[in-house]
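# Starting from these lines, generate the structure:
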Amino acid sequence: MASLIALRDMLALQGRMEAGALSMALHTPRPMIDAMLSRMEALGKVRRIREEPSGCLTGQCRSCPDGKACLREWWALR
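Reported below is the predicted structural model:
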């Protein structure tokens, strides 16, 4: 299981990553990565980068009735 330091180091090496990619790279369950990222965000160590919905046809995604399945979210160090 990964530590907060391992998560920070991975973000430092890669620049920015999605939570799913962090989970796979660190061999840690996604809920644990989400909790760690939330805590680090509260501490001011990482920031959430959300993709602008300008390229998304809201409501037109087949996999999500709200049209938000195609929006990506990355994490990066501050």
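# for the protein, what spans make up the strands?
16-17, 46-50, 73-77 (DSSP state E).
# got these as TSV, with distance to His27 columns?
In short, each C-beta sits where N, CA and C put it, glycine included. Formatted as TSV, the strands of the chain follow (distance: least, Cβ to Cβ, whole Å):
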stretch	distance to His27
strand 16-17	14
strand 46-50	20
strand 73-77	17
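# got a markdown table for those strands, with mean neighbour count and mean pLDDT too?
Below are those laid out as a markdown table (neighbours: other Cβ atoms under 10 Å; pLDDT from 0 to 100):
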| stretch | mean neighbour count | mean pLDDT |
| --- | --- | --- |
| strand 16-17 | 16 | 94 |
| strand 46-50 | 13 | 93 |
| strand 73-77 | 16 | 93 |
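# which other helices and strands contact the top helix by length along the chain?
If you go by DSSP state H, the chain has its longest helix at helix 30-42. For helix 30-42, the packing partners by 3 or more Cβ pairs under 8 Å, 6 or more residues apart in numbering; DSSP states H and E come out as helix 4-14, helix 19-26, strand 46-50.
# With just CA atoms, put the second one into CSV.
To tie it back to what came earlier, the one meant is helix 19-26. Provided in CSV are the C-alpha atoms of helix 19-26 (Å, rounded to 0.1, in the frame of the first residue of the first chain):
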residue,chain,number,x,y,z
ALA,A,19,-6.5,9.3,-9.7
GLY,A,20,-7.1,6.0,-11.6
ALA,A,21,-3.6,6.1,-13.1
LEU,A,22,-2.2,6.8,-9.6
SER,A,23,-4.1,3.9,-8.2
MET,A,24,-2.7,1.5,-10.9
ALA,A,25,0.8,2.8,-10.7
LEU,A,26,1.0,2.6,-6.9
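# Report all helices and strands that it contacts.
helix 4-14, helix 30-42, strand 73-77.
# could the ones you listed go into CSV alongside distance to Met24?
What follows is the helices and strands packed on helix 19-26, written out as CSV (distance: least, Cβ to Cβ, whole Å):
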stretch, distance to Met24
helix 4-14, 11
helix 30-42, 9
strand 73-77, 14
